[in-house]
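[1] model the following, please.
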Amino acid sequence: ARPPAGTPPTQDDAQRRARLSRRWRRDMRWSPYAFVSPFFVLFAAFGLFPLIYTGWASLHTVEMISPTDMTWAGFHNYSRIFGDHFFWNAAKNTLTIGVISTVPQLLMAMGLAHLLNYKLRGSTFFRTVMLAPYATSIAAATLVFALLFGRDYGMINWLLHQVGIGAIDWKNGSWSSQFAVSTIVIWRWTGYNSLIYLAAMQAIPHELYESAALDGASRWRQFIHVTLPSLRPTILFTVVVSTIGASQLFGEPLLYDQTAGASGGGEHQFQTLGLYLYEQGWVNGHLGRASAIAWMMFLILLVIGAVNYVISRRLRASS
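    Here you go, the predicted structure:
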């Protein structure tokens, strides 16, 4: 039973309140760490440990037939990579496909987002349709595009034939194969980036457009002088994310020509760094060399992140 009102607390009550107070302080201090600990545990197990182990394996000669048998090689795997023609060919293909896919993709995404930013009938339907390619399986999308770009019975060559252009061997040509792979990337990611731009556009204060309209600015000038400056951080984000995605391109070129596999065509004409890593590690069985390639790709991503940091700081300083 509770003591009557006005009764002074006993020594047991005071001790109980002190214990509850200490427990509450411990709970407030350590609970946030307990809530975020699952992320760090999973990151350490599936992110940090593989990264460190891959770096250690890159300094050894390791074969797939005996992955536990390591022979110290120092930086031999890295020096061999720098002198490997196929590595530089894969790096060049990755850069080319990245430019061909990223620039048109982001320009189209900006235009589509600008159209969807106006009040349209069925705007929710159009937004859902634009996100559908992103939700589509890479394997399904790539197989469909491989049929579209077929040399003998592909729809693209049929359309070119209707306008008097001869059939193009999309898979065996250097630029044609890279263009075909880039179209898959453009198709899958344009809608996703459009929704990112659309969300950023809707966050722009409407008063800026009203002021520009009162000054006599057309819609095109409003887009140039109001929309684009307000979207600079978002544009930088999409450029960095698209660049990182292009540097890790793997599924599309692997499935585009199933007969070529990881070689990226008969003459490695569309082999990316991701395919080259897979070929060295899981086709040729050289895990040490594949680990060195993985770390080279990781260093490339660090450079991209550093460039992003410098540009973002300058943008914040200028604004």
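
[2] element containing residue 41?
    Using DSSP states H and E, residue 41 sits within helix 11-43.

[3] er, residue 62 I mean
    strand 60-63.

[4] list the buried residues of the very next helix or strand once past that strand.
    Using DSSP H and E, the helix or strand that follows strand 60-63 in sequence is strand 66-72. For strand 66-72, burial by neighbour count (16 or more other C-beta atoms under 10 Å) applies to residue 70. Glycine gets a C-beta too; all of them are placed from N, C-alpha and C.

[5] what comes into contact with strand 66-72?
    57, 59, 60, 61, 62, 63, 287, 288 (C-beta atoms under 8 Å, 6 or more residues apart in numbering).

[6] these, buried ones only, as a PyMOL selection?
    Only the buried entries of the contacts of strand 66-72 go into this PyMOL selection, using 16+ other C-beta under 10 Å:
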select buried, resi 57+59+60+61+62+287+288
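
[7] quick check, nearest of the contacts of strand 66-72 to residue 294?
    residue 57 (9.1 Å; C-beta to C-beta).

[8] now do the contacts for that closest one.
    70, 287, 288, 291.

[9] let me know the closest of those to residue 214.
    Using C-beta to C-beta, the contacts of residue 57 come closest to residue 214 at residue 291, 61.2 Å.

[10] if you average pLDDT over the helix or strand containing that closest one, what comes out?
    Using DSSP H and E, the element containing residue 291 is helix 287-318. Helix 287-318 carries an average pLDDT of 87.

[11] for residue 136, which non-adjacent residue is closest in space?
    Distances taken as C-beta to C-beta, 6 or more residues apart in numbering put residue 188 closest to residue 136, at 7.0 Å, once the chain neighbours are dropped.

[12] which helix or strand contains the one you found?
    helix 174-202.

[13] so what does that helix touch, helix or strand wise?
    helix 85-116, helix 123-135, helix 138-148, helix 232-247, helix 251-256 (3 or more C-beta pairs under 8 Å, 6 or more residues apart in numbering; DSSP states H and E).

[14] out of these, deepest packed?
    Ranked by mean neighbour count under mean count of other C-beta atoms under 10 Å, the helices and strands packed on helix 174-202 are led by helix 251-256, which reaches a mean of 22.

[15] dump it to CSV, keeping only the CA atoms.
    Output of helix 251-256 as CSV, limited to C-alpha atoms (Å, rounded to 0.1, in the frame of the first residue of the first chain):
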residue,chain,number,x,y,z
GLY,A,251,25.6,-7.7,-65.0
GLU,A,252,24.7,-5.9,-68.2
PRO,A,253,27.9,-6.7,-70.2
LEU,A,254,28.1,-10.2,-68.8
LEU,A,255,24.6,-11.2,-70.0
TYR,A,256,24.6,-9.2,-73.2
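
[16] closest to residue 310 out of the contacts of residue 57?
    residue 291 (29.2 Å).
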